[in-house]
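**Q** Let me see the structure of the following:
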Amino acid sequence: MEYFGLRKSGKDIDLVVCKEDIKKLVAKYPTKLKDLYGDFGVAVYEFEIWKTIRYFDYDYLAVDAIEEGNCLVISLDKLLIQKAIAMDTKKYFEDLKLIVKKITSDQAKKQRNIIDENNDMLSVIDNPRYVERVGTKT
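**A** Numbers count the residues shown, from 1 in each chain. All right, here's what the predicted structure looks like:
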């Protein structure tokens, strides 16, 4: 959430690692284990290092992730899914609203260019007729 400028991070940082790495961490920190309904992790210092979060693993979450140094940051789309799944918790519902607001704002910035592209496409057609047209003026 902080990476995308939506809010400051909380007091803990959640990381998801591949299966091989979680096995090594379990061996190294056998007294720092966490199991939340099957999501398995290791709590080391201020980090919670997970095999899965809401049963989504590293391989899934890494797709479209943003490279940041030697880490990947979950994509905004995947973050949206994570928050939507957990929206029964007030904090995550508030996060969900922040993400939707950002996505909507980002898309609105593209509106003029999209309308111009549409008009260019239609400029070669004499008298185009719409079945429906709402809110888009040339």
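**Q** quick one, strands of the chain?
**A** Listed in chain order, the strands of the chain (DSSP state E) span 13-16, 33-36, 39-44, 47-50, 52-53, 56-57, 66-68, 71-73.
**Q** TSV for those strands, including mean pLDDT and distance to Ala84?
**A** (C-beta placed from N, C-alpha, C; glycine too.) Converted to TSV, the strands of the chain look like this (pLDDT from 0 to 100; distance: least, Cβ to Cβ, whole Å):
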stretch	mean pLDDT	distance to Ala84
strand 13-16	89	17
strand 33-36	96	18
strand 39-44	95	17
strand 47-50	94	18
strand 52-53	95	13
strand 56-57	96	12
strand 66-68	96	20
strand 71-73	95	18
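**Q** between these, which one is nearest to Glu94?
**A** Of all the strands of the chain, strand 13-16 sits nearest to Glu94, with 17.0 Å by Cβ to Cβ.
**Q** what's that closest one packed up against?
**A** In terms of contacts (3 or more Cβ pairs under 8 Å, 6 or more residues apart in numbering; DSSP states H and E), strand 13-16 is packed against strand 47-50, strand 52-53.
**Q** how much space between Lys102 and Tyr29?
**A** Per Cβ to Cβ, to the nearest Å, Lys102 is found 35 Å from Tyr29.
**Q** quick one, which of the two is more surrounded?
**A** Using other Cβ atoms under 10 Å as the criterion, Lys102 and Tyr29 rank with Lys102 on top: 16 against 13.
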